[in-house]
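Peer 1: Sequence first, predicted coordinates after that:
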Amino acid sequence: MFEDNAEFGLGMRISIDHGNEMAKSLLNGLKDQLGDIADKILANPQSNDIEIDAQRDNVAALRAKLANINSEEAKHLNEVADYLIKKSVWIIGGDGWAYDIGFGGLDHAIASGRNVNILVVDTGVYSNTGGQQSKATPMGASAKFATAGKELPKKDLAMIAMSYGNVYVAQVAMGANDMQVIKAFNEAEAYDGPSIIIAYCPCINQGLNMADGLSHQKDAVETGSWPLYRYNPENVKEGKAPLTLDSKAPSKPLADFMASETRFQVVNKANPERYNMLLNKAQENVNEKRALLEHLAEYK
């Protein structure tokens, strides 16, 4: 069941960590017979691709030595030696899962402190099951169960994750800033703890030409509907603000973005007065969110 996505990913992480601890214990017990290769493996921090590749070579050399040791411990270590190589766990799902039906599990995963990476593909609606509103649906959008336009702003999953203080958090949009996306993925992978990347992903349920998906992401960023930022707890150790704001202040009104999507315009056609009320409230939310992000980026 997709609502259990985070729990299964966390279980994989715990299993890998247990395998690593077991392998290290066996390795320490055989150090006298293994020589320098054991020290090389235990001393390698595996903090980048070069070091991880070196660890693969180290483990191959370890297996060659283990072949000459006749003991149950050596046999067991040979079976679990791959756990000595750093392994990455990525949990991937949509906003319906992350914000809504699977949020309890996702929250449990990031609260565990374990080194799990989470990618949320945010379409702002239950795309798989017919276009029902999710907690990620933005204010003013029409969706099943919110046909007159959603009255409340979308749930701020990123801020919830940031509140833990030890979670790497990024909000990205490939069509607006592809280099920021690459930075976020590299930083999330390198961060030794929970990380979550929330990526904007236009959906056909929004009522736009999907061929224009990337340019639409750019419009979302330029109007402030989807700000770009990275929150890295490691920055605090260096006396820097944990939050890096990667998008400029909105250069266009939110009305421009909402005018480009059918999910907003059906509300406008059905009830212009209600649409304008929701548009004004949504613009206020954009302004407030920008002020908050700028404040967080000015850490002293």
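Peer 2: Here it is on my side, so go on.
Peer 1: Could you pull out the helices in the stretch 1-150 of the chain for me?
Peer 2: With DSSP state H, counting those that start in this stretch as the definition, the stretch 1-150 of the chain shows helices at residue ranges 5-29, 31-34, 36-43, 49-66, 72-80, 95, 103-111.
Peer 1: In PDB, could you pull the C-alpha coordinates for the fifth one?
Peer 2: What that stands for is helix 72-80. Only the C-alpha atoms of helix 72-80 are listed here, as PDB (Å, rounded to 0.1, in the frame of the first residue of the first chain):
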ATOM      1  CA  GLU A  72      32.900 -19.300  10.600                       C
ATOM      2  CA  GLU A  73      33.600 -15.600  11.300                       C
ATOM      3  CA  ALA A  74      35.400 -15.200   8.000                       C
ATOM      4  CA  LYS A  75      32.700 -17.000   6.200                       C
ATOM      5  CA  HIS A  76      30.000 -14.800   7.800                       C
ATOM      6  CA  LEU A  77      32.000 -11.600   7.100                       C
ATOM      7  CA  ASN A  78      32.300 -12.600   3.400                       C
ATOM      8  CA  GLU A  79      28.500 -12.900   3.300                       C
ATOM      9  CA  VAL A  80      27.900  -9.400   4.700                       C
END
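Peer 1: the inter-axis angle of it versus helix 49-66?
Peer 2: Relative orientation of helix 72-80 and helix 49-66, computed by axes from the mean of the first three to the mean of the last three Cα atoms, to 10 degrees: 140 degrees.
Peer 1: pLDDT on helix 72-80, on average?
Peer 2: Averaging pLDDT along helix 72-80 yields 96.
Peer 1: Could you give me the buried positions within it?
Peer 2: 74, 77-78, 80 (16 or more other Cβ atoms under 10 Å). The C-beta positions use only the backbone N, C-alpha and C, and glycine is treated the same way.
Peer 1: And that helix, what does it pack against?
Peer 2: If contacts are counted by 3 or more Cβ pairs under 8 Å, 6 or more residues apart in numbering; DSSP states H and E, helix 72-80 sits against helix 5-29, helix 49-66.
Peer 1: what residues go with each domain of this protein?
Peer 2: What automatic domain parsing lists as the domains of the chain is 2-84, 90-296.
Peer 1: Quick check: which of those is buried the most?
Peer 2: domain 90-296 (a mean of 19; mean count of other Cβ atoms under 10 Å).
Peer 1: quick one: low-confidence ranges for the stretch 151-300 of the chain?
Peer 2: 299-300 (pLDDT under 70).
Peer 1: which residues of it fall in helices?
Peer 2: 157-162, 178-190, 213-222, 234-237, 254-258, 262-270, 272-296.
Peer 1: if we compare these, which one ends up closest to Glu51?
Peer 2: Closest to Glu51 of the helices of the stretch 151-300 of the chain, according to Cβ to Cβ: helix 178-190, at 11.3 Å.
Peer 1: now for the closest one, which elements pack on it?
Peer 2: Helix 178-190 packs on strand 168-172, strand 195-200, strand 229-231, going by 3+ Cβ pairs under 8 Å, 6+ apart.
Peer 1: Relative to the whole chain's centre, how far out is the longest one?
Peer 2: Offset of strand 195-200 from its chain centre (Cα atoms, centre = their mean, to the nearest Å): 3 Å.
Peer 1: Next, the angle helix 178-190 makes with that strand.
Peer 2: 160 degrees.
Peer 1: hmm, who's touching strand 195-200?
Peer 2: Here strand 195-200 makes contact (Cβ atoms under 8 Å, 6 or more residues apart in numbering) with 98, 106, 110, 116-122, 157-158, 161, 167-174, 181, 184-185, 187-189, 217, 220, 226.
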